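> take this sequence and fold it.
(chains A, B, C and D)
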Protein chains: 2
Amino acid sequence: MNLKELATKLGLSPTTVSRALNGYPEVNEATRERVMAAAKRHNYRPNTRAIRLATGRALAIGHVIPLATRHEIMNPIFADFIAGAGETYSRNGYDMLLSVVPDESEEQAYRDLKSRGSADGVILHAPRMNDPRIPLMHEIGIPFVVHGRATDTTEPYSWVDVNNRRAFQRATEFLLDLGHMRIGLVNGLEFMDFAIRRRTGYADALASRGMALDPALMSSDEMTEISGFRAASAMLDLRDPPTAFLVASMISGMGVRRAIEGRGLAMGRDVSVIIHDDDLSYLKNGDAVPIFTATRSSVREAGRIAAEMLLAIITQQGEEPQNRLLEAELIIGQSTGPAPRRA
Amino acid sequence: MNLKELATKLGLSPTTVSRALNGYPEVNEATRERVMAAAKRHNYRPNTRAIRLATGRALAIGHVIPLATRHEIMNPIFADFIAGAGETYSRNGYDMLLSVVPDESEEQAYRDLKSRGSADGVILHAPRMNDPRIPLMHEIGIPFVVHGRATDTTEPYSWVDVNNRRAFQRATEFLLDLGHMRIGLVNGLEFMDFAIRRRTGYADALASRGMALDPALMSSDEMTEISGFRAASAMLDLRDPPTAFLVASMISGMGVRRAIEGRGLAMGRDVSVIIHDDDLSYLKNGDAVPIFTATRSSVREAGRIAAEMLLAIITQQGEEPQNRLLEAELIIGQSTGPAPRRA
DNA sequence: TGCGCCATCCAAAGCGGTTTGAGTATGATT
DNA sequence: AATCATACTCAAACCGCTTTGGATGGCGCA
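Take a look at the predicted model:
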C-alpha cells in the first residue's frame, strides 16, 4: 500500500494525501480525518526510502565502531550508551546506524556516511587526547556530538561528558579524609581522555594536601578484571603498600577485590576501594547497599542526553556548539572505611 | 557530486556511467576504466538513498532491541555479537540498523521495519521458549535468522546456536569424573532458551550416572555478579553443600567465586567451578591459563556466522531454512580440581 | 552491395514520496 | 455584478539512481 494507491482509493491526489498526513494547514480538516482514517485502516506506512530521497534527509544517526583489534575499551559501556541513545532516536523517528569497521577504515567510514548520505549526524565515542576525528568531522561538515571530551583540541565542538576530574578528586579527598595516606590508582589507558582527567583529579587532590605522587602507586591499563588484579597485586606487594585504591571501572574493581581478598585482607576494613561505576544495567554495583563505594554516573543517561543534543543540532542547525557536563555522585558502599592503624 | 554531474563531465549518459561502475558487461572496457578513474578522482559515492529507492532494497539489516526494563539479560553479550555481525555487514555493503524500543512496541517495530522498507532482514536475539517472534516473522514475511533456538517452536526457521545442552552435559560429566557428587547449577533465567538447554544437559549427565536432581542445588536468575553470589552463598550454606558449581556466565561466575572465597574456601581446591564463557572481548577469562575452567564459544563468531547466513538467505532467497550448531570447547583452567575428600 | 548481428551507448520510465506553482470554487468586498 | 482574497485541491517536477527498450554504427557474410 503506497501513497498513490491510497490516494486513488480516497479519490484524492497524492499531494493532498501527503499533506493531510504530514499535518500541513492547507487541507480541509474533514478531508484530513478521512485520510488519516483510511491510512490507519489500510495500515499505510510511508516508505522510508522514498521519504529520505525526497527530503534529502537520512533520518538516521551514525555510530562508527572501529573493530579495535587491539583494545576493546569502549565495549562494555557501549551497549548501555547505545540503549540510551537509541531510545531517543526511536522516539523521534530516527534510525540508528552502526558501522563496524576495521580501525584503518574509520576515517573513510565517516566520509562515506556523509557522501553517501546515510546519516544526518554522528556521535563520536571514546575520544582520545587531541582526537583527529574532531577536525575530521568539521572538514566533512557533518553535525556531531562527542561522548566525552578531547583534551588539547582547540576548535569548539559539542559534547556530553562526566566530570571525571572532579569525581576522582572528590573520591581521593574522601579517602584522604578517612586517613588513607597511600592510595593506589588503577586507571584506564591514559591516552583515553577520561583516564587523563581522572588522573588529574587524583593528582590535584593529593597536591592540595601537599602529598607527593608515587609512580609506584599509579597504573594504567585496559579496564579488565585481569589487569585490575595485576595492578592491585603489584601495589599490594610493595614494601609500603597502599591502604586504598581508586579504580577506573567496575570490572577492574573486581580484579582489585580478588587481589585484596587473595591476600587474606578484607576489602573495606584492611583496604578501601572506590571504583567508577557507569551504572551499567547488567553490572549492578549491588542493590540496597552498594558493594563498592563509587563515583557513579549513568552512561545510559549520557546516551540519551547526547542523542537529544545531536537531534537538536540537526534540526535547528546553525547554532553554536552545545555541551553538558554531568557530575558523578559519590556513593558510599561497603568497600571503604577508615585507614587501618599502622602495623 | 552525483551520477548526472559525473556523466556530464565525462560526456556520457548516466546510464552508461551507472553500468560502468556496477560492472555490467555492455560497456566498453576502455570506457569503464575512464569512468572508474573519474569516479575515483572526483570522489564520487553513489547516494545510498537513491539506490535504495531505485532497487527496492534497503541494504540494511535490522536488530530490534527491546528496552527490557525488567531484565537486561542480553546486554553483555550484545556488544560482541553486534561487533561480529556488523563487521560482516560492512564487508558486504550492508548497514546495521538498531531499533531500541519499549518492550510493548517490539512487534510494531518489526512490522515497521518491513512495511517502511528499512531493512531487508532481521536477526532475532535471545529467543525464549516458544518465542512469538518466530511466527511473527513468518507472518510479516521478512527474512530472518535467530541467534539461538526456540524450544517448542514447530515451524522451521534459520538459526545459529551453541550446543548448550552438550556443553553443560560435558561440563557436568567432567565434574563427575573428578569425583564431585554434589554439583550446584547457577543458571540463567529459565524462560530463556539457552538456559533451558543447559539445565537439560546438566540433568542428562546426572541421570546417565543414575544420580537424582536436587532442587536445592539448582538456581535460576539473571546473570549478574550479585545473583551469582547469592545463589552460590545459599547453596554453600546447605547442610550438604556442593563441591562444584556449573555457572551460566563469566559475570555470575565472579559472584560465585566471591561467595566461595568469602567463606575461606579456595576455588579449584575446595570448590570447583565451571562457567560458560562467551569469549567476550572485554571480559577475558584470564590469558595464558584461564581463571575459570569453561565451556567456551565465541559470541562474536556467532554474530559473524548469523550475519553471513542472513545475507545468503536474502540474496538467494527461496532456499529452505539453514542452521548451524556450534560446539563449545571445554577449556581447563584453574577453577577445577578433584573433589575434596569427605570431611 | 545488402543484411543481420554484435558491441556500445543512450533516452526515458520508473522507485514512492515531497514540494512548487497553479487552478477552482466559495464567500466576502466594493 | 465585478473583484478579490481564501480555502482546497491537484498536476507535474524533482530527489538520484537503476533498468528497460531502443538507437547507432561497424563488421562479417552471402
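> for DNA strand C, what's its nearest residue on the stretch 151-300 of chain A.
When scored by CB to the nearest atom of the strand, the stretch 151-300 of chain A has A:Ser158 as its residue closest to DNA strand C, at 25.6 Å. Any C-beta I mention is one placed from the backbone N, CA and C, and that applies to glycine too.
> burial measure for that residue, as a count.
A:Ser158 has 22 neighbours, counted by other CB atoms under 10 Å in any protein chain shown.
> how about the contacts made by it?
A:Phe144, A:Val145, A:Val146, A:Met309, A:Leu310, A:Ile313, A:Pro321, A:Gln322, A:Asn323 (CB atoms under 8 Å, 6 or more residues apart in numbering or on different chains).
> ok, 7 Å please
Counting by CB atoms under 7 Å, 6 or more residues apart in numbering or on different chains, A:Ser158 touches A:Val145, A:Val146, A:Met309, A:Ile313, A:Pro321, A:Gln322, A:Asn323.
> quickly note the distance from it to A:Gly333.
Relative to A:Gly333, A:Ser158 is positioned 34 Å away (CB to CB, to the nearest Å).
> re earlier: what's the residue of the stretch 151-300 of chain A closest to DNA strand C sitting at in phi/psi?
The phi and psi values for A:Ser158, taken as degrees, to the nearest 10, are phi -90, psi 140.
> try the one 4 residues further on
Phi and psi for A:Val162, reported as degrees, to the nearest 10, are phi -90, psi 150.
> count of neighbours near it?
Neighbour tally, A:Val162, other CB under 10 Å: 26.
> what do you get for A:Ile65?
Neighbour count of A:Ile65, defined by other CB under 10 Å: 24.
> and for A:Leu238?
If you count neighbours by other CB under 10 Å, A:Leu238 ends up with 13.
> what strand or helix carries it?
Remark: A:Leu238 resides in no helix or strand, with elements defined by DSSP states H and E.
> mind pulling the model confidence for the residue nearest to it when sequence neighbours are not counted?
Using CB to CB, 6 or more residues apart in numbering or on different chains and skipping residues adjacent in sequence, the residue nearest A:Leu238 is A:Ala216, 6.0 Å away. The score at A:Ala216 is 98. That number is its pLDDT.
> before we move on, what about A:Ala68?
On the pLDDT scale, A:Ala68 gets 68.
> same question for A:Asp120.
pLDDT for A:Asp120: 97.
> any idea how far it lies from A:Ala60?
Distance from A:Asp120 to A:Ala60, counting by CB to CB: 7 Å.
> do the same with A:Ile275
35 Å.
> A:Val162 too?
From A:Val162 to A:Ala60 the distance is 27 Å (CB to CB).
> the more surrounded of A:Asp120 and A:Ala60?
Taking other CB under 10 Å, A:Asp120 and A:Ala60 do not tie; A:Asp120 has more neighbours (26 against 23).
> who does the worst-scoring helix or strand of chain A on mean pLDDT touch, helix- and strand-wise?
Ranking every helix and strand in chain A by mean pLDDT, DSSP states H and E puts helix A:75-91 at the bottom, with a mean of 89. Packing partners of helix A:75-91 (3 or more CB pairs under 7 Å, 6 or more residues apart in numbering or on different chains; DSSP states H and E): strand A:95-101, helix A:299-315, helix B:75-91, strand B:95-101.
> among the ones you listed, which is nearest DNA strand C?
Checking the helices and strands packed on helix A:75-91 against DNA strand C by CB to the nearest atom of the strand gives helix A:299-315 as the closest, at 13.2 Å.
> contacts made by the closest one with the rest, please.
Under CB under 7 Å, 6+ apart, the answer for helix A:299-315 is A:61, A:77, A:80-85, A:87-89, A:92, A:94, A:120-121, A:123, A:143, A:145, A:147, A:158, A:160, A:278-281, A:319, A:322, A:324, A:326.
> close to DNA strand C, is that helix?
No. Helix A:299-315 lies out of reach of DNA strand C by CB under 7 Å from any atom of the strand, never closer than 13.2 Å.
> so what's A:Thr293 up against?
A:Thr293 makes contact with A:Ile274, A:Ile331, A:Ile332, A:Gly333, A:Ser335, A:Thr336, according to CB under 7 Å, 6+ apart.
> and if you look at A:Arg149?
A:Arg149 sits next to A:Pro127, A:Trp159, A:Asp161, A:Asp193 when contact means CB under 7 Å, 6+ apart.
> the first one and A:Asp193, how far apart?
What that stands for is A:Pro127. Plainly put, A:Pro127 is 5 Å away from A:Asp193 if you go by CB to CB.
> same question for A:Leu113.
Counting by CB to CB, the gap between A:Leu113 and A:Asp193 amounts to 23 Å.
> which one of the two has more residues nearby?
Between A:Leu113 and A:Asp193, counted using other CB under 10 Å, A:Leu113 has the larger neighbour count: 27 against 24.
> which SSE is A:Ile134 in?
Secondary structure from DSSP H and E places A:Ile134 in helix A:133-140.
> buried set for that helix?
The neighbour-count check on helix A:133-140 (16 or more other CB atoms under 10 Å in any protein chain shown) flags A:Arg133, A:Ile134, A:Leu136, A:Met137, A:Ile140 as buried.
> what's around the closest residue to A:Met218 other than its chain neighbours, how many residues?
Of all residues not flanking A:Met218 in the chain, A:Leu185 sits nearest, at 4.6 Å (CB to CB, 6+ apart). A count of nearby residues for A:Leu185, using other CB under 10 Å, gives 26.
> SS state for A:Leu185?
Following DSSP: H, G, I helix; E, B strand; the rest coil, the label given to A:Leu185 is strand.
> quick one, what contacts it?
Contacts of A:Leu185 by CB under 7 Å, 6+ apart are A:Arg199, A:Tyr202, A:Leu217, A:Met218, A:Ser219, A:Leu246.
> pretty sure A:Ala60 is touching A:Gly93, no?
No. Using CB atoms under 7 Å, A:Ala60 is not in contact with A:Gly93; the gap is 10.1 Å.
> dump the residue contacts of the residue nearest to A:Arg170 when sequence neighbours are not counted.
The shortest distance from A:Arg170 to any non-neighbouring residue, by CB to CB, 6+ apart, is to A:Leu330 (5.4 Å). By CB under 7 Å, 6+ apart, the residues touching A:Leu330 are A:Arg170, A:Ala171, A:Phe174, A:Thr295.
> neighbouring strands - and their directions - for the helix or strand hosting A:Leu330?
Element membership for A:Leu330, per DSSP H and E: strand A:329-331. The strands that strand A:329-331 pairs with in its sheet are strand A:293-296 (antiparallel) (by DSSP bridges).
> tell me the average confidence for the partner strand?
Here strand A:293-296 scores 98 as its mean pLDDT.
> ok, stretch A:176-184 next?
98.
> what comes up buried for that stretch?
A:Leu176, A:His180, A:Arg182, A:Ile183, A:Gly184.
> surely the last one meets A:Ala248?
No. Applying CB under 7 Å as the test, A:Gly184 and A:Ala248 come out as separate, 11.6 Å apart.
> and stretch A:108-128, does that touch chain B?
Yes. Stretch A:108-128 is in contact with chain B by CB under 7 Å from any CB of the partner chain, via A:Asp112, A:Ser115, A:Arg116, A:Gly117, A:Ser118.
> most surrounded residue in the residues you listed?
Counting neighbours by other CB under 10 Å, A:Ser118 comes out on top of those with 23 neighbours.
> list the contacts for A:Phe191?
A:Phe191 touches A:Arg128, A:Met129, counting by CB under 7 Å, 6+ apart.
> just checking, A:Asn323 touches A:Trp159?
Yes. Contact criterion CB under 7 Å: A:Asn323 and A:Trp159 qualify, at 4.8 Å.
> more neighbours, the two?
Taking neighbours as other CB under 10 Å, A:Asn323 and A:Trp159 compare with A:Trp159 leading, 24 against 14.
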